[in-house]
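Student: show me how the following folds:
(one chain, ligands or ions: 2)
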Amino acid sequence: MDCFNEVFTTKNESETLKTAEEFSKLLKPGDVIAYKGNMGAGKTVFTRGIVRGLGGDDAVSSPTFAIVNEYIAGGLSIYHFDMYRIKSINDLYSTGYFDYLESGGIIIIEWSENIESAIPAGAYIINIETTDTNDNCRIITVTKKE
Ligand SMILES: Nc1ncnc2c1ncn2[C@@H]1O[C@H](COP(=O)(O)OP(=O)(O)OP(=O)(O)O)[C@@H](O)[C@H]1O
Ligand SMILES: [Mg+2]
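Tutor: Ligands and ions are numbered 1, 2, ... in the order given. Predicted coordinates:
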């Protein structure tokens, strides 16, 4: 098994951006990143950091209405999904998700909880937790799906 476990604590948005920029250096074409975390946890902020870290200058926002946003960074396509409204495998098919998985681009998924069984082995799982004590603290745990 490929053990991978990194934990980061951030005190504000810019520390999360910096953490994500560092994390992005690990990424290779075809990698999948699946977030777990509530509304407002910081999934979109982390994505912004990844896109910046890869050299992209696109504006990154939650693709809630579009389902998927595409950015280009360092000659690579990044497909940023929001699965908040995806409730079935049929919904998922209609987004083109399975085709994007084969595209060689980097796939980033908010609300991956909704498509758990369709997250491939080897995907990075990024869990972002808030804390009770400070509104701006986040505990970010990165593991790999077996
Ligand atoms: N340490 C932190 N890291 C990231 N964001 C933080 C932090 N502290 C406060 N914030 C704030 O939390 C919010 C995170 O918003 P973001 O859009 O990234 O959440 P999200 O997880 O994508 O939510 P949604 O599920 O609604 O799309 C921002 O307003 C950001 O400024
Ligand atoms: Mg978001």
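Student: how about the residues of this structure near ligand 2?
Tutor: Counting by CB under 5 Å from the ion, the chain comes close to ligand 2 at K43, T44, S62, E110. Where you see a C-beta, it was placed from the backbone N, CA and C, and this is true even at glycine.
Student: where's the dip in pLDDT among the residues you listed?
Tutor: Lowest-confidence member of the residues of the chain next to ligand 2: S62, scoring 82 (pLDDT).
Student: what residues are up against the residue nearest the centre of the chain?
Tutor: Residue closest to the average C-alpha location in the chain (CA atoms, centre = their mean): I108, at 3.9 Å. I108 makes contacts with V32, I33, Y35, T47, I50, I78, Y79, H80, F81, as judged by CB atoms under 8 Å, 6 or more residues apart in numbering.
Student: identify the bridge partners of it.
Tutor: Note on I108: beta-bridge partners I33, H80, judged by DSSP bridges.
Student: for it, report the pLDDT, please.
Tutor: I108 is given a pLDDT of 98.
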